[in-house]
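**Q** Just a sequence and a predicted model for now, questions to come.
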Amino acid sequence: MNKIKEITKKIKKFRDERDWMQFHDPKNMAISIIIEASELLEHFQWKTKEEVQQYLKANKDEVKDEIADIAMYLLNLLIILD
């Protein structure tokens, strides 16, 4: 099984265990992707290149979490659109 199929299978399981499919339609997934992308951007807003480097050293996990949220919603959208 390729990696994407393996990941999407886990995402489906996670979603289905929480009965979230009722909320997962293309519109809501697209909205969620934008919201999470905005949260990612907040980590970098108004910072210089040097400040971003320092910030990432101290906050790498928070940034990774936002990236993971975006990826999960994007993969959920792919699942819905088959």
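**A** All right, it came through fine.
**Q** For this protein, name the helix or strand with the lowest mean pLDDT.
**A** Scoring the helices and strands of the chain by mean pLDDT, DSSP states H and E places helix 3-17 at the bottom, with a mean of 90.
**Q** what about the strands in this structure?
**A** Here the chain has no strands by DSSP state E.
**Q** Find me the pLDDT at the residue of the chain most remote from its centre, would you?
**A** Using CA atoms, centre = their mean, the residue of the chain lying farthest from its centre is residue 50. It sits 25.5 Å away. At residue 50, the model reports a pLDDT of 98.
**Q** Report the contact partners of it.
**A** Neighbour list for residue 50: empty [criterion: CB atoms under 8 Å, 6 or more residues apart in numbering]. For every residue, glycine as well, the C-beta is placed using N, CA and C.
**Q** about what we covered before: mind listing what's buried along the least confident helix or strand of the chain?
**A** 11, 15 (16 or more other CB atoms under 10 Å).
**Q** now do stretch 58-70
**A** Those would be 63, 66, 69, 70, for stretch 58-70 by 16+ other CB under 10 Å.
**Q** Over to stretch 31-47?
**A** Buried residues in stretch 31-47, counted by 16+ other CB under 10 Å: 32, 33, 36, 40.
**Q** leaving aside the residues next to it on the chain, what's closest to the last one?
**A** Across the structure, with CB to CB, 6 or more residues apart in numbering as the measure, the residue nearest residue 40 apart from its sequence neighbours is residue 66 (4.0 Å).
**Q** Wait, the one you found touches residue 35, no?
**A** No. At 10.3 Å, residue 66 and residue 35 do not qualify as touching, with contact defined as CB atoms under 8 Å.
**Q** Which pLDDT value goes with the residue nearest to residue 40?
**A** For residue 66, the model assigns a pLDDT of 97.
**Q** I'd like the distance from it to residue 22, if you could.
**A** Counting by CB to CB, to the nearest Å, the gap from residue 66 to residue 22 is 25 Å.
**Q** One more: residue 50?
**A** 46 Å.
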